[in-house]
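Participant: sharing a sequence plus its predicted fold:
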Amino acid sequence: MQLAADILQVSGGLAGLVGSDGDCWLPLSLGPVRSATLLACLELGRRLAKARLPDRAPMSHPGAVARYLALQFTRPGQEIMGALYLDTRNRLIGEKEIYRGTLSRAAVEPRALLKEGILRDAAGFVLFHTHPSGDPSPSAEDLAFTRRLAHSGELLGVRLIDHLIVGVGNSWVSLKQRGGW
C-alpha cells in the first residue's frame, strides 16, 4: 500500500499516473519488472476504454468518448490537441494527435486537422483537446477556433461533429452540446 501511495504521489495522482511514462518512478526503485508491469496495466486500461467505444455512432455517447480521450491523451502539464476521424455513419476510422502544447496553450491551425481528415477520406471528425489545469471550461479562444474550424471543414467537406475538451478525471465539455458554434 505504501508503494502504491508513493507511486501516486510522484506521478501527480491518478491523472498523472495515466499520462506517465514511468520516468518519475525511478527514485522509488521499482525495478524494471514492476515498472513494465505498471506501464502494461496502464496500456490495458487505455485499450479497454477504446474497446468500450460503441462501434456504431460513437459520438452519440460523448461521455464514453471523453473517458477514452482522458485515458489516452491526458498528460500532466501539457495540452494535447487531436481529432477522431469518422466515416459517413459517424464510426471511428482513425485518430491522430496533432499537437502538444504547453501547460495552457496548444496553437494549431485548421489546416493540419483538415488535411489529416482528407487523407483518411473522413466524412467528419471530432476535435479534442485537453486542459491540464483540470477545468474543461472553454476559453474564448477555444470557441473562436471551433467556429473557424467548423467553417473551414464545411468548405472542404470534412464536417466538424463535435469539439470535446477533456479535463482531469471524469470532467469534460462538449461544445456541440453547449451550442458552441
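Facilitator: Now that the structure is in, tell me what you want to look at. All of these numbers come straight from a predicted model, not from anything done at the bench.
Participant: low-confidence bits of this protein, can you list those?
Facilitator: Within the chain, the ranges that satisfy pLDDT under 70 run 12, 14-16, 18-19, 49-60, 102-107.
Participant: what's the domain layout of it?
Facilitator: What automatic domain parsing lists as the domains of the chain is 2-49, 54-174.
Participant: spit out the contact partners of the residue positioned nearest the centre of the chain.
Facilitator: Taking C-alpha atoms, centre = their mean as the criterion, Leu69 is the residue nearest the geometric centre of the chain, at 3.6 Å. Contacts for Leu69 were tallied using C-beta atoms under 8 Å, 6 or more residues apart in numbering; they are Phe128, Thr130, Leu164, Val166, Trp172. Yep, even glycine has a C-beta here, placed from its N, CA and C like the rest.
Participant: doesn't the third one belong to a strand?
Facilitator: Meaning Leu164. Yes. Assessed with DSSP: H, G, I helix; E, B strand; the rest coil, Leu164 lies in a strand.
Participant: bridging residues for it?
Facilitator: On the basis of DSSP bridges, Leu164 is bridged to Phe128, Ser174.
Participant: comparing the domains of the chain, which comes out most buried?
Facilitator: Highest mean neighbour count among the domains of the chain (mean count of other C-beta atoms under 10 Å): domain 54-174, with a mean of 18.
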